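J.: turn this into a model:
(one chain, ligands or ions: 4)
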Amino acid sequence: MSHPDDLDCNRSPNEHFQTVLARTLQNPARRHVLRGGLGLAALSSVPFLTACGNDDPAPTPAEAPLALGFAAVGKSIADEVVLPAGYTYSVLHATGDRLRSSVTAYSNLGTETDDWSDRIGDHHDGMEFFYIDAIGRYSATATNRAVLAVNHESSADAHFFHERGQTSGGTSGKKFTQFGNWDLGARPTLEVLKEINHHGVSIVEVQHGPSGWRYVVDSIYNRRITAQTPMRFGGPSGHLNDIRAFMVTRYDTTGATSRGTLNNCGTGYTPWGTLLTCEENWAFYFNMPKGSNPVDAKTVTSRSRYGVRSAPLADAATTDVGQGWYTPDAVDSRFARWNISAAGGSAADDFRNEPNTFGFVVEIDPLSGAQPVKRVAMGRFAHEAAVCGLPVAGQPLAFYMGCDSQNEYVYKFVSRAVWDPADIGGGLTAGDKYLNDGDLYVAKFNDDGTGAWLLLDISVPAISGYSVYAFANQADVWINARHAADAVGATKMDRPEWGAVNPKNGEIYITMTNNSSRQPGNTDAANPRSYNDVDGLMRAGNVNGHIVRFRENGSLSTATAFGWDVFLFGAEEDAGPDINLSGLSAQNAFSSPDGLWFSKATGICWIQTDDGAYTDEVNCMLVAAVPGEVGDGSTITVNNSRTGSTPATGTQETFIGAALGDAKLRRFLVGPKGCEITGITETADGKTLFVNVQHPGENTPALGAASDFTYQSQWPGNAGYGPLGRPRSATLVITRTDGGVIGV
Ligand code: FEO
Ligand code: CA
Ligand code: CA
Ligand code: CA
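T.: Ligands and ions are numbered 1, 2, ... in the order given. Here you go, the predicted model:
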């Protein structure tokens, strides 16, 4: 199925294979370059760090080595959740469950007449768990009460929320499929409101009782943040006016605020205890109806880099993207805002700037009703997650962020303010301190195992003098970060997804989920594979994805250089040795790593998949890995071969982590049919794991005019949760039947 983040909007000339190859041949330096660049003295200042910057890392004597303590689950294509022996799950909540008893229990028939603003959203994704103390404040330590904040990525397959699927209002009888091919009449208002409101974030109180963790209907903490919720823009005070100039719309002619968050994918948990929710495929919700006024040339250049529509539709009957949210009413701004043509005399008269208001890391205080804040200085792109490096008192904080589209980049934000643990519990006031002002960088992965953080600042000549896009000021650099990253020559990656930080040593891991546009002629060391799918199920390229990890020089948040290697390569177990580079077996083979997270309780690296290449043999999954460290493996040469590209073959040298084998890498969970496994968090004792199942039954055809759905999946109804019928995204609560710590 086509997926918006499969798109390649990067036409910049960064980093061709020939350039890389030439440099490789000139520079044989390898592992010693990496390790020599990391200072032991600085490492020792980081809490919990083991010595890992020298050539012969010594284990900490008192620390028992991490060992996985469960039997791997085999491959499954059943419509159920499969766990190892000794583990069990319940469903915490699923799409459409009510936050308040004032709305009806979910029918799972699409017959609701409310607008979904008091229901759990759809497409559960990243999530974070925040303890509450006895008087209802944020607690940095465990209690039996918490709020769970869940992202709702909610893309296009919204047909389950309406009795007969999504209707277009047109006369052709066409039904919505995905990102196109439908008939643009005026869509029914209630359908559009439901679709707008199932996006965003659900925050619910959860309590631990005799039957484990349950969510609390009618809790004062229950809150929906949707694609309509008012938000403000945060940034350095000296740049706020420039930021606001990009955000002026008919809704707020000052540009200080906007409405809503969209396509919330991964999350972040700040050291002070707030939620970061990340806007990923926000670019595909807007339209310019046939015959509408075009926008100016600079706006076209900006939009094109993000895949936002920049010209009026040529044929409204067949080529529309998005879901037609602008169609119910041309005046009511809840709907008119999705029409981004230059309809009025100026930006203050219409919504031509509406796309500028999306694409950010949004900070939410999960324990207050405070207005969420879009943190502009963290850059605007297809944000996947925003993970904080290990905080060190007195040093700036670093947040690592992937931009998920083909050939996009990895970014880092370094706060201007230095970390003060007294800010724990400080809510959005602390957020204003750390996330409004800082430096934004983009990553360049060199072919010798080192990397560099390239500053995205208007003072950089490559940015101020960039010929493709004329940046007006620093606000323009943040808001058009993809263009700025092109200008400085960042490394095009294989769809950067989530990041995660190893709590034991501060190393940062980032998944590269797959990339069908990677060819043998444009590989580089950090994106070294291009090949045909072993079964022909998926397009060729980097079919199965990989996980890059890196260590900042000196383990400093402010480092401008790092060392990296590839932790694991996804593959089918029966693929050839140039594909299955990590030696995966039937017990741990995975494809398209996406979600990524370290347990603080155990140190396990958990890998989640969103795959279409291996799903004929196994549904998407959760895999547990015992992490090593950057540089613990070897240098390898990959022999690539891919049909349909020129050249069809090529070799690429790269760096691979030490093989884990079946002992250190095991499949822990397989989800139901047509799902993606994403979103993961835990209780502090490591005895409860929360995992999200997103879009089970994704490949269920849209409802036809005269037939019912032919379900690909009926989970979780078929597992006894809620009405049997349509599949629903849901949060799993996973425990061990003996009450022990998960995974060990
Ligand atoms: Fe929302 Fe790129 O996964
Ligand atoms: Ca196979
Ligand atoms: Ca994802
Ligand atoms: Ca395959």
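J.: Three-state assignment for whichever residue of the stretch 251-400 of the chain sits closest to ligand 2, please.
T.: Residue of the stretch 251-400 of the chain nearest ligand 2, by Cβ to the ion: Glu384 (27.8 Å). Heads up, the C-betas are built off the backbone N, CA and C, glycines and all. Secondary structure assignment for Glu384 (DSSP: H, G, I helix; E, B strand; the rest coil): strand.
J.: excluding sequence neighbours, find me the nearest residue to it.
T.: Distances taken as Cβ to Cβ, 6 or more residues apart in numbering place Gly402 nearest to Glu384, at 4.1 Å, with adjacent residues excluded.
J.: report the contact partners of the one you found.
T.: Contact analysis of Gly402 by Cβ atoms under 8 Å, 6 or more residues apart in numbering lists 266, 383-385, 408, 410-411, 493, 496-499, 510-511.
J.: secondary structure, neighbour count and distance to Asp535 for those - can I get that in a markdown table?
T.: Supplementary listing: these in a markdown table, determined by DSSP: H, G, I helix; E, B strand; the rest coil; neighbours: other Cβ atoms under 10 Å; distance: Cβ to Cβ, whole Å:
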| residue | secondary structure | neighbour count | distance to Asp535 |
| --- | --- | --- | --- |
| Gly266 | strand | 33 | 29 |
| His383 | strand | 29 | 32 |
| Glu384 | strand | 33 | 27 |
| Ala385 | strand | 32 | 30 |
| Glu408 | strand | 27 | 27 |
| Val410 | strand | 28 | 30 |
| Tyr411 | strand | 28 | 34 |
| Met493 | strand | 28 | 25 |
| Pro496 | strand | 27 | 26 |
| Glu497 | strand | 30 | 23 |
| Trp498 | strand | 34 | 26 |
| Gly499 | strand | 28 | 30 |
| Ile510 | strand | 27 | 27 |
| Thr511 | strand | 33 | 22 |
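J.: of these, which are in range of ligand 4?
T.: Counting by Cβ under 5 Å from the ion, nothing from the contacts of Gly402 sits close to ligand 4.
J.: for stretch 290-306, C-alpha coordinates in PDB please.
T.: In PDB, the C-alpha atoms belonging to stretch 290-306 read as follows (Å, rounded to 0.1, in the frame of the first residue of the first chain):
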ATOM      1  CA  LYS A 290      -9.500  23.500  -9.000                       C
ATOM      2  CA  GLY A 291      -9.600  27.100 -10.200                       C
ATOM      3  CA  SER A 292      -8.400  28.600  -6.900                       C
ATOM      4  CA  ASN A 293      -5.800  31.400  -6.700                       C
ATOM      5  CA  PRO A 294      -2.100  30.300  -6.800                       C
ATOM      6  CA  VAL A 295       0.400  31.200  -4.100                       C
ATOM      7  CA  ASP A 296       3.600  33.100  -4.600                       C
ATOM      8  CA  ALA A 297       6.800  31.500  -6.000                       C
ATOM      9  CA  LYS A 298       8.700  31.400  -2.700                       C
ATOM     10  CA  THR A 299       5.800  29.600  -1.000                       C
ATOM     11  CA  VAL A 300       5.700  27.100  -3.900                       C
ATOM     12  CA  THR A 301       9.400  26.400  -3.400                       C
ATOM     13  CA  SER A 302       8.800  26.000   0.400                       C
ATOM     14  CA  ARG A 303       5.800  23.700  -0.100                       C
ATOM     15  CA  SER A 304       7.400  21.600  -2.700                       C
ATOM     16  CA  ARG A 305      10.200  20.600  -0.400                       C
ATOM     17  CA  TYR A 306       7.600  19.100   2.000                       C
END
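J.: could you give me the buried positions within it?
T.: By neighbour count with 16 or more other Cβ atoms under 10 Å, stretch 290-306 contains the buried residues Ser292, Val295, Thr299, Ser302, Arg303, Ser304, Arg305, Tyr306.
J.: now the residue of the stretch 201-350 of the chain found nearest ligand 3. Nearest residue, chain neighbours left out?
T.: In the stretch 201-350 of the chain, no residue comes nearer to ligand 3 than Cys265, which is 4.9 Å away by Cβ to the ion. Distance criterion Cβ to Cβ, 6+ apart; nearest residue to Cys265, sequence neighbours excluded, is Glu280 at 3.8 Å.
J.: what residues are up against the one you found?
T.: Applying Cβ under 8 Å, 6+ apart, the residues near Glu280 are Asp5, Glu153, Asn263, Asn264, Cys265, Gly266, Ala382, His383, Glu384, Asp404.
J.: hmm, which two among those are most spread apart?
T.: Spatial extent of these (Cβ to Cβ) is set by the pair Asp5 and Asn264 at 13.8 Å.
J.: can you put the contacts of Glu280 in JSON lines and add pLDDT and distance to Asp242?
T.: Compiled in JSON lines, the contacts of Glu280 are given as follows (pLDDT from 0 to 100; distance: Cβ to Cβ, whole Å):
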{"residue": "Asp5", "pLDDT": "64", "distance to Asp242": "29"}
{"residue": "Glu153", "pLDDT": "95", "distance to Asp242": "31"}
{"residue": "Asn263", "pLDDT": "96", "distance to Asp242": "26"}
{"residue": "Asn264", "pLDDT": "98", "distance to Asp242": "26"}
{"residue": "Cys265", "pLDDT": "98", "distance to Asp242": "27"}
{"residue": "Gly266", "pLDDT": "98", "distance to Asp242": "28"}
{"residue": "Ala382", "pLDDT": "98", "distance to Asp242": "23"}
{"residue": "His383", "pLDDT": "98", "distance to Asp242": "21"}
{"residue": "Glu384", "pLDDT": "97", "distance to Asp242": "26"}
{"residue": "Asp404", "pLDDT": "97", "distance to Asp242": "27"}
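J.: which positions in the stretch 501-650 of the chain make contact with ligand 1?
T.: When proximity is defined as Cβ under 6 Å from any ligand atom, the stretch 501-650 of the chain approaches ligand 1 at Asp594.
J.: nearest to Glu63, of the contacts of Glu280?
T.: Of the contacts of Glu280, the one sitting nearest to Glu63 (Cβ to Cβ) turns out to be Gly266, at 29.2 Å.
J.: name all residues that make contact with the closest one.
T.: Taking Cβ under 8 Å, 6+ apart, one finds 125-126, 151, 278, 280, 383-386, 402, 497-498, 595 in contact with Gly266.
J.: also Trp213?
T.: Residues near Trp213 by Cβ under 8 Å, 6+ apart: Leu92, Val206, Gln207, Thr683, Thr688, Phe690, Val733.
J.: again, only using 10 Å
T.: 90, 92, 129, 144, 146, 148, 206-207, 683, 688, 690, 731, 733, 735 (Cβ atoms under 10 Å, 6 or more residues apart in numbering).
J.: and Phe286, by the same measure?
T.: 303, 308-310, 321-322, 325-326, 337-341, 351-352, 354-355, 358.
J.: excluding chain neighbours, what is closest to Thr710?
T.: Spatial nearest neighbour of Thr710, excluding adjacent residues (Cβ to Cβ, 6+ apart): Pro701 at 6.1 Å.
J.: now do the same for the one you found: its pLDDT.
T.: In this model, Pro701 is scored at 78, pLDDT.
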